[in-house]
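J.: What would the 3D arrangement of this be:
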Amino acid sequence: MKRIGVVGAGAWGTALACVAARAGDEERAVSLWAREEEVVKSISATRLNDLYLPGIEVEKNVTATNDYADLHDVEAILFVAPAQHARAVMKDLATNMDKPVPLIICSKGIERGTLKMMTEVIGEVAPEYPQAILSGPSFAADVAMGMPTAVTLACSDAALGAQLQQVVGLATFRPYLSDDPIGAELGGSVKNVLAIACGIVEGKHFGESARAALTTRGFAELVRLGVAMGAKRETMGGLSGLGDLVLTCNSKQSRNMSLGFALGQGRSLDNILGARNSVTEGVYSAQAVVALAKKHNIEMPIAEAVDAIISGEKSLDKAIIDLLNRPFKSEV
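T.: Modelled structure (predicted):
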C-alpha cells in the first residue's frame, strides 16, 4: 500500500503516522488529518507536533492536513479519533472518500449513551468499510522514537489482517495478529478506567502492594466482562488485555493513571481536565463500562468505584472505604 491515511493527530495518531511512514518503502505517502489548524501548520513548517507530541520529529513523507478530501484516495486508514467523537468524524470522513477502504481502529473507548464499541459505532456509520483493531501496551512517545513495542492487530478476516500487518509492521513495532476484535477492543477500553484507580492508589500513597492487588483484581473484572461479551480468555491475557493494563497501571506517563494520581493527591477532576489538551478516555468510558457490566450481570467493583468518583456520586475517600469493606470472597 502506497497511500495511507491517519485520522486524528493527537500524540497517538502522530506516532502512528510515523510508524506507517517508516513501515513502507520510499514511495509511501502518509496523510495525517488534524482537527486543529495549528497542528497542521506546526508539522508543515517544523516537522514537529508541538501541541501533542513535542520534541519528536515527524517523518518527511507525512503530510498534515485538516481537509478530509486530502484522504480521498488512500488505500487504508488508521482511525485515531477520540472515542466520543468517532461517530461524527467517521461520518465526515466517509463523505469525502472515493471508495471504502480498510480501517485500522486505534481509538480506545466506549460511546457513552449507546454503550457501543468503536467497531459498532463505525459499523453503523460506514458498514462497508472493513475493520481491524490495533491495541496494546504502547505509549506514543516511545513508539514515535522507535523504541521496541508489541501490539495486537485483531481482524476477523485473516487475509486482510496479514495485509494490514504490512501497513504498520516494523522491527520495533510488532503487530501480533488476532481473530478476536471484541477482546482486543474491550481490553483497550476497560484498562483506562482501571488505570485511574491505580493512579488514585499511588496518589494516596497506599503502597506497591495495594497497586499490585488492584491491578490483579482489575484484570479479573476485565476478564469477566470480556468473556460475557464473547471475547476469548487468551486475548484478555495477551498484549491488548493484560499487557496494556500492566503498562497503563504502572506509569504516570499514562494520562489515565496520572489523572488518578492527581485525584488521589486531592485535586478536583475539573481542575485536572482543565489543564490538559489531550483526552483522558477513562473519564468518559467509566460510566459506559459500568453500564455494560450491569447489562451482562457482571460485578466490577473497582470500575464502579471509579465511576462513582468521576460522576461525583461518592467522594474519593467514601469510594475507597466502600471498596475495602466489601465481603471476603473466593478468588475464582
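J.: residues in contact with residue 213?
T.: Under the criterion of CB atoms under 8 Å, 6 or more residues apart in numbering, residue 213 has no neighbours. From N, CA and C alone the C-beta is placed, and that goes for glycine too.
J.: Which helix or strand contains it?
T.: Secondary structure assignment for residue 213, by DSSP states H and E: helix 208-228.
J.: helix or strand right after that helix?
T.: Following helix 208-228 in sequence, per DSSP H and E, is helix 233-236.
J.: Let me know the average pLDDT across that next one.
T.: Helix 233-236 shows a mean pLDDT of 96 in the predicted model.
J.: contacting residues around it?
T.: 152, 154, 178, 180, 182-184, 187, 219, 222-223, 226-227, 241-242.
J.: what two of those residues are the furthest from one another?
T.: Spanning the widest gap among the contacts of helix 233-236 are 154 and 219, at 18.6 Å by CB to CB.
J.: More neighbours: those two, which one.
T.: Of the pair residue 154 and residue 219, residue 154 is the one with more neighbours under other CB atoms under 10 Å, namely 30 against 22.
J.: Quick check on residue 24: phi, psi?
T.: phi -100, psi 180 (degrees, to the nearest 10).
J.: make that residue 314, sorry
T.: Per degrees, to the nearest 10, the backbone of residue 314 is at phi -130, psi 150.
J.: Report the contact partners of it.
T.: 305, 308, 322.
J.: I'd like to know which of those are buried.
T.: Neighbour-count burial (16 or more other CB atoms under 10 Å) applied to these gives 305, 308.
J.: Just the contacts of residue 314: which are in strands?
T.: Per DSSP state E, strands hold no members of these.
J.: Give me the average confidence score over the helix holding residue 213.
T.: The model assigns helix 208-228 a mean pLDDT of 96.
J.: Could you do stretch 107-115 as well?
T.: 94.
J.: Work out the gap between that stretch and the centre of the chain.
T.: How far stretch 107-115 lies from its chain's middle: 11 Å, per CA atoms, centre = their mean, to the nearest Å.
J.: Any chance you could list what contacts it?
T.: Contacts for stretch 107-115 (CB under 8 Å, 6+ apart): 8, 79-84, 86-87, 116-118, 120-121, 135, 185, 188-189, 192, 281, 284-285, 287-289, 291-292, 295.
J.: Now list the buried members of those.
T.: The buried subset of these - by 16+ other CB under 10 Å - is 8, 79-84, 86-87, 116-118, 121, 135, 185, 188-189, 192, 281, 284-285, 287-289, 292.
J.: Which ones among those residues map onto helices?
T.: 86-87, 118, 121, 185, 188-189, 192, 281, 284-285, 287-289, 292 (DSSP state H).
J.: and of these, the nearest to residue 169?
T.: Taking these together and measuring to residue 169 by CB to CB, the closest member is residue 188, at 18.9 Å.
J.: wait, what's in contact with that closest one?
T.: Counted by CB under 8 Å, 6+ apart, residue 188 has contacts 108, 133, 135, 136, 240, 244.
J.: Let's see the pLDDT reported for it.
T.: For residue 188, the predicted pLDDT is 94.
J.: And the residue minimising distance to the centre of the chain, how close does it get to residue 232?
T.: Nearest residue to the geometric centre of the chain (CA atoms, centre = their mean): residue 108, 3.0 Å. Residue 108 sits 19 Å away from residue 232, taking CB to CB, to the nearest Å as the criterion.
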